[in-house]
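Asks: Here is my input; please provide its structure:
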Amino acid sequence: MDMKLEIAVVPVADVDRAKDFYQALGWRLDADVADGEDFRVVQFTPPGSPCSIIFGTGVTSAAPGSTQGLHLIVSDIEAAHAELTDRGVKVSEVFHDASGVFHRAGNEGRVPGPDPERRSYASYLSFSDPDGNGWLLQEITERFPGR
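Replies: Presented below is the predicted three-dimensional model:
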């Protein structure tokens, strides 16, 4: 059976503020649909992504800002850092994990700068939306076999 992740729900407190933020990222607005005052869904898709995000009113019972660790894949982490900064997004510095393994939760084990060997899957940066939902950009230049 083929299964594809289509949508990730991002809980927000202020739908219009979130909409402005994700539009400023340059993401495609796919939908903004309301059904009365108690239900509104907004959908955005990052450039090049087959998966979208939705947020709104009456979409989730999760607390605003509670989604953490959403990953966006980029081919050049430093170029992504520059573009997000140019768009006014407050981003972390590029970092890699001290042990050379997948990053840890929070800031523990972060070493400033990209992976010294520029290995695929090893360099990151992070940012949050206005509600505190946490995003990570991960540099992948060559996929693992079978991907």
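
Asks: in the chain, which spans are strands?
Replies: Taking DSSP state E to define them, one finds strands in the chain at 7-9, 28-34, 40-45, 52-57, 70-74, 95-97, 110-112, 124-128, 134-139.

Asks: Tell me which strands the last one pairs with, and in which orientation.
Replies: Sheet pairing for strand 134-139, assigned by DSSP bridges, gives strand 70-74 (parallel), strand 124-128 (antiparallel).

Asks: What residues sit buried inside the last one?
Replies: By that I understand strand 124-128. Residues 124, 125, 126, 127, 128 are the ones in strand 124-128 that count as buried (16 or more other C-beta atoms under 10 Å). Every C-beta, even on glycine, is put in place using the N, C-alpha and C of the backbone.

Asks: Spit out the contact partners of the residue lying closest to residue 121 once chain neighbours are set aside.
Replies: In space, and not counting its chain neighbours, residue 121 is closest to residue 140: 5.7 Å by C-beta to C-beta, 6 or more residues apart in numbering. Going by C-beta atoms under 8 Å, 6 or more residues apart in numbering, residue 140 touches 73, 74, 75, 120, 121.
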